[in-house]
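Engineer: Mind folding the following:
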Amino acid sequence: MSELRPLKPLVAQRHSYKKGTLRYFERQYIDKTRELSELECSNDTIGGIGYWVDDSSPKKVPAETAGGKPLILVAAGKLDILRITVRE
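Structural biologist: Purely as a prediction, here's the structure:
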């Protein structure tokens with residue numbers, strides 16, 4: 001999915017509006033083939049958002065990326081529908 005439909009960064013709108021500085025989160029699809037403790041974000045982001053697209057839940061979710069930035073992990077539901085849509 002990352003190759004066919006890469007995710008764009010997510011802007012932290014409230015922070016950007018209040019502080020006048022553009023801040024955003026890097027987003028990516030993640031499954032069990034990726035080691036969560038080794039995830040990295042680019043230097044110009046404030047953190048990472050990972051979309052978990054695997055049937056089994058991760059054993060341990062770190063609060064930060066390997067570089068010390070906040071990490072948010074979102075588990076996808078109805079993966080069977082997602083797989084059908086991606087294949088089409």
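Engineer: Does anything pack onto the lengthiest helix in the chain? Which helices or strands?
Structural biologist: Secondary structure of the chain read by DSSP state H shows that its longest helix is helix 79-87. On a contact count with 3 or more Cβ pairs under 8 Å, 6 or more residues apart in numbering; DSSP states H and E, helix 79-87 meets no helix or strand. (C-beta placed from N, C-alpha, C; glycine too.)
Engineer: what does it rub up against?
Structural biologist: 1, 4, 53-55, 76 (Cβ atoms under 8 Å, 6 or more residues apart in numbering).
Engineer: what do you get for stretch 59-77?
Structural biologist: For stretch 59-77, using Cβ under 8 Å, 6+ apart, the contacting residues are 25, 30, 36-41, 45-53, 57-58, 82.
Engineer: just to revisit the earlier point, quick one: which of the contacts of helix 79-87 is nearest residue 88?
Structural biologist: residue 4 (11.1 Å; Cβ to Cβ).
Engineer: quick one: the worst-scoring helix or strand of the chain on mean pLDDT to chain centroid distance?
Structural biologist: Least confident helix or strand of the chain, by mean pLDDT, DSSP states H and E, is helix 13-19 with a mean of 74. Distance of helix 13-19 from the chain centroid (Cα atoms, centre = their mean, to the nearest Å) equals 21 Å.
Engineer: just stretch 76-87 next, same as before
Structural biologist: Per Cα atoms, centre = their mean, the centroid offset for stretch 76-87 relative to its chain is 17 Å.
Engineer: and what of stretch 45-59?
Structural biologist: On Cα atoms, centre = their mean, the centre of stretch 45-59 falls 6 Å from that of its chain.
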